[in-house]
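Q: Sharing a sequence plus its predicted fold:
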Amino acid sequence: MGSTSPGSDNITVDLLKAVWHIIGTHVRHLFERCLSTGHHPKPFKEAEVVMIAKPRRRDLTSPRAWRPVSLLSCLGKGLERLIARRLAWAAVHYSILHPQQAGALPKRSATDLVAALIHDIEEAFARKKVVTLVTMDIQGAFDTVMCNRLVLR
């Protein structure tokens, strides 16, 4: 685990590292039980929200000058990381995702997608084809997603 701020439980990564030789087996059993039952403990879901000033913002009286950061339990983040790794493995192993999917998958990155894009463009140019690339970034798009809809998808 990297260096992260603790959640409302005040358990830090450094503390976990210091006592891991004592609690490691118990944490592993807890995680295994969570995985086998599909239970995600409530304390792992509770967040302490702190406001962080955005860099280079002069008017700190504006709400846009701040961003909320949710501090979650380091133990909960460990469980979530384990789940993410297992999901990524299953997605790759069972070919669930499109071959060009790169996000959150092992040994794949945005660089792979850029290389594939460049290859496709060069191939089109070699065939004397016209190439058009349209990109978009919708500011605040995620903020407008209804949470209950996102969970259903």
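A: Everything's here; your move.
Q: does M51 count as helix, strand or coil?
A: Under the three-state scheme (DSSP: H, G, I helix; E, B strand; the rest coil), M51 adopts strand.
Q: Could you pull out the helices in the chain for me?
A: Along the chain, counting by DSSP state H, helices occupy 13-37, 42-45, 74-93, 110-126, 147-152.
Q: for the protein, which spans come out with low pLDDT?
A: Where the chain drops to pLDDT under 70, the residues are 1-4, 147, 149-153.
Q: Let me see the contact set for the residue nearest the centre of it.
A: The structure's the chain has its C-alpha centroid closest to A104; by CA atoms, centre = their mean the separation is 7.3 Å. Going by CB atoms under 8 Å, 6 or more residues apart in numbering, A104 touches 84, 88. C-betas here are computed from N, CA, C, even on glycine.
Q: now the helices of the chain in JSON lines, with mean neighbour count and distance to S5?
A: Formatted as JSON lines, these follow (neighbours: other CB atoms under 10 Å; distance: least, CB to CB, whole Å):
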{"stretch": "helix 13-37", "mean neighbour count": "12", "distance to S5": "9"}
{"stretch": "helix 42-45", "mean neighbour count": "13", "distance to S5": "15"}
{"stretch": "helix 74-93", "mean neighbour count": "15", "distance to S5": "9"}
{"stretch": "helix 110-126", "mean neighbour count": "11", "distance to S5": "27"}
{"stretch": "helix 147-152", "mean neighbour count": "8", "distance to S5": "24"}
